[in-house]
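**Q** Fold the following, please.
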Amino acid sequence: DPNLFVRGISVPDYKALLDNTYRPLPNKAVQGLYPPGSTFKMVTALAALENGVNPNQKINTKGFVEIGTQTYGCWIWNRYHYSHGPEDMRDAIADSCNYYFYSLVLGENQQTGERLSARTSAEDILSMATKLGLNDKTGIEISIPSEKSAGVPSEAKKQSAMKSSLRRWLNKHLSEFVPEETNPDADQMEDWVEEISSWVEIEPILSGSEVRRRLLDMGLLPDMPMEDGQSLKDVIKYSYLNFASWKMGDELIMSIGQGDNAYTSLQMANYVATLANGGKRYELTLMDRVVDQEGNEIVYGSKPYEQLEFESSGALQVIKEAMLQTTEEGTARSIFADFPIQVGAKTGSAEKDGLNPETGEPYDEFGWFVAFAPYEEPEIAVAVIGFQTGSGGAMGAAARDVIAEYLGLNSEKSPIAAKPRLME
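**A** Modelled structure (predicted):
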């Protein structure tokens, strides 16, 4: 309730806001970092186009791929055990087909064996994300609270996070694996923790036998089981070292906007604007200009933009056409069925790990919806995120109404009714 701040908020009321599990105080537009889900797929598609992938090539999608014992399913397979069938790039964006994007990363259709002209790697995808501005703050003139940016994922970041996680586990449990006759002091324990956690950085990954040998050399008990039956060697090797570097599974989920991807809604809106306006990447601003007291000299003018260049001729047009197809034939078609202008859009849903503290149950998916309008001469880009809404389509009506209000459509006719399909 903003009224709490009018005459000065009390200490109990302020503490209640700080302790609120819904975190009402942070400015979520500039500080909330969330996986973008399928709204990220335009990044992967652009990276593939730059690698020479033909956007018109059909991939006969089969619902899921397998990497080792892990299955990676398209949303339509996970929900209904269906597949989208033959899809080109525009179809795959409009239908939000995960299998198509998995195939781009694998460089082949795994289930048919058909090779693509190029494989699109994690490095390709993240280089494109950086080019489109997702590695940087937007430049918005808001300093209280300050804008946040997690940057694009990297293998070094994952390795650092895994090293920190292993260090925390060792600080809690390593003493359980010290022989009774050994009496190490705090400095010795700290040295062991630092030595073991440094193994995360070793390439190639240490084998189980090498981990065991090193632990024995340190005078520890590598094979002694804990209550859950795991040994020190097994935890270090199979819970940490094996997951410290990127695997193909990491690349697959990264390509569809999951994994370590996390961006603010402001970053996502600016990314969509860059796609829509022909690759003009702006720094965001709240002001047109600032003049002196006489109204003459411009003290603060509009920020310049960077014109992005692409090797693939017509790459951005392919992306725009796919986003238009999303609203006319794809996952957002019901939302804009009666809308008087053409809109480009993309739905997305993002998974969140952990349990909801209010319910004690796993979090539902967060819903994303990004859009720009009018299609031919864009004036507005919108990014909407809904917490635990279950799908991106559920956020489409909000984006539609913002666009309608901005373009003055609400003064001409009553709000447009739409029944979002709770798809991807």
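**Q** what about this structure, any weak spots by pLDDT?
**A** Counting by pLDDT under 70, the chain contains low-confidence ranges at 301-302, 411-424.
**Q** distance from the centroid: which residue in it tops it?
**A** What lies farthest from the middle of the chain is Glu181; by CA atoms, centre = their mean that is 49.6 Å.
**Q** And that residue, how far from Asp217?
**A** Noted for Glu181: a distance of 17 Å to Asp217, by CB to CB, to the nearest Å. Heads up, the C-betas are built off the backbone N, CA and C, glycines and all.
**Q** Please, where are all the helices along the stretch 1-150 of the chain?
**A** 11-19, 28-31, 41-50, 75-80, 89-95, 98-106, 122-131 (DSSP state H, counting those that start in this stretch).
**Q** Export the ones you listed to TSV and append columns for mean neighbour count and distance to Ala315.
**A** Listed next are these as TSV, based on neighbours: other CB atoms under 10 Å; distance: least, CB to CB, whole Å:
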stretch	mean neighbour count	distance to Ala315
helix 11-19	11	46
helix 28-31	18	29
helix 41-50	26	4
helix 75-80	16	25
helix 89-95	25	10
helix 98-106	27	14
helix 122-131	20	10
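**Q** Can you say which of those helices is nearest to Thr331?
**A** Closest to Thr331 of the helices of the stretch 1-150 of the chain is helix 89-95 (CB to CB; 6.6 Å).
**Q** starting at the chain centroid, how far to that closest one?
**A** 19 Å (CA atoms, centre = their mean, to the nearest Å).
**Q** helices or strands up against it?
**A** Helix 89-95 sits against helix 41-50, helix 98-106, helix 315-328, with contacts defined as 3 or more CB pairs under 8 Å, 6 or more residues apart in numbering; DSSP states H and E.
**Q** In TSV, list those helices along with distance to Pro86.
**A** Shown next, in TSV, are the helices and strands packed on helix 89-95 (distance: least, CB to CB, whole Å):
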stretch	distance to Pro86
helix 41-50	17
helix 98-106	10
helix 315-328	15
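**Q** Mind jotting down where the strands sit in the stretch 151-300 of the chain?
**A** 280-282, 290-291, 298-300 (DSSP state E, counting those that start in this stretch).
**Q** now those strands in a markdown table, with mean neighbour count?
**A** Output for the strands of the stretch 151-300 of the chain, formatted as a markdown table (neighbours: other CB atoms under 10 Å):
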| stretch | mean neighbour count |
| --- | --- |
| strand 280-282 | 16 |
| strand 290-291 | 11 |
| strand 298-300 | 10 |
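**Q** closest one to Trp75 among those strands?
**A** Proximity to Trp75 (CB to CB) singles out strand 280-282 among the strands of the stretch 151-300 of the chain, at 30.0 Å.
**Q** could you say what helices and strands the closest one packs with?
**A** helix 265-276, strand 305-307.
**Q** Could I get those in TSV, plus columns for mean neighbour count and distance to Ile335?
**A** Listed next are the helices and strands packed on strand 280-282 as TSV, based on neighbours: other CB under 10 Å; distance: least, CB to CB, whole Å:
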stretch	mean neighbour count	distance to Ile335
helix 265-276	24	16
strand 305-307	12	30
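**Q** Compare the ones you listed and give me the one nearest Glu329.
**A** With CB to CB as the measure, helix 265-276 is the member of the helices and strands packed on strand 280-282 nearest Glu329 (19.0 Å).
**Q** that older thread, want to try a markdown table for the helices and strands packed on strand 280-282, with distance to Gln188 as columns?
**A** Output for the helices and strands packed on strand 280-282, formatted as a markdown table (distance: least, CB to CB, whole Å):
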| stretch | distance to Gln188 |
| --- | --- |
| helix 265-276 | 46 |
| strand 305-307 | 53 |
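**Q** Out of those, flag the one nearest Arg289.
**A** strand 305-307 (15.5 Å).
**Q** what comes into contact with the closest one?
**A** Residues from elsewhere that reach strand 305-307 (CB atoms under 8 Å, 6 or more residues apart in numbering): Gly279, Lys280, Arg281, Tyr282, Glu283.
**Q** export those residues to TSV and tack on distance to Asn78?
**A** Converted to TSV, the contacts of strand 305-307 look like this (distance: CB to CB, whole Å):
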residue	distance to Asn78
Gly279	34
Lys280	37
Arg281	35
Tyr282	37
Glu283	39
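**Q** what's the farthest-apart pair in those?
**A** Gly279 and Glu283 (14.9 Å).
**Q** so which of the helices and strands packed on strand 280-282 comes closest to Glu87?
**A** helix 265-276 (20.2 Å).
**Q** relative to helix 315-328, how tilted is that closest one?
**A** Inter-element angle recorded for helix 265-276 and helix 315-328: 110 degrees (by axes from the mean of the first three to the mean of the last three CA atoms, to 10 degrees).
**Q** What is helix 265-276 packed up against?
**A** Packing partners of helix 265-276 (3+ CB pairs under 8 Å, 6+ apart): helix 28-31, strand 280-282, helix 315-328, strand 366-373, strand 380-386.
**Q** which one of the ones you listed is the most hemmed in?
**A** Mean neighbour count (mean count of other CB atoms under 10 Å) peaks for strand 366-373 among the helices and strands packed on helix 265-276, with a mean of 28.
**Q** Report the inter-axis angle for that strand versus helix 41-50.
**A** Per the same axes, to 10 degrees, the angle that strand 366-373 makes with helix 41-50 is 60 degrees.
**Q** List the pairing partners of strand 366-373 within its sheet, with orientation.
**A** strand 344-350 (antiparallel), strand 380-386 (antiparallel) (DSSP bridges).
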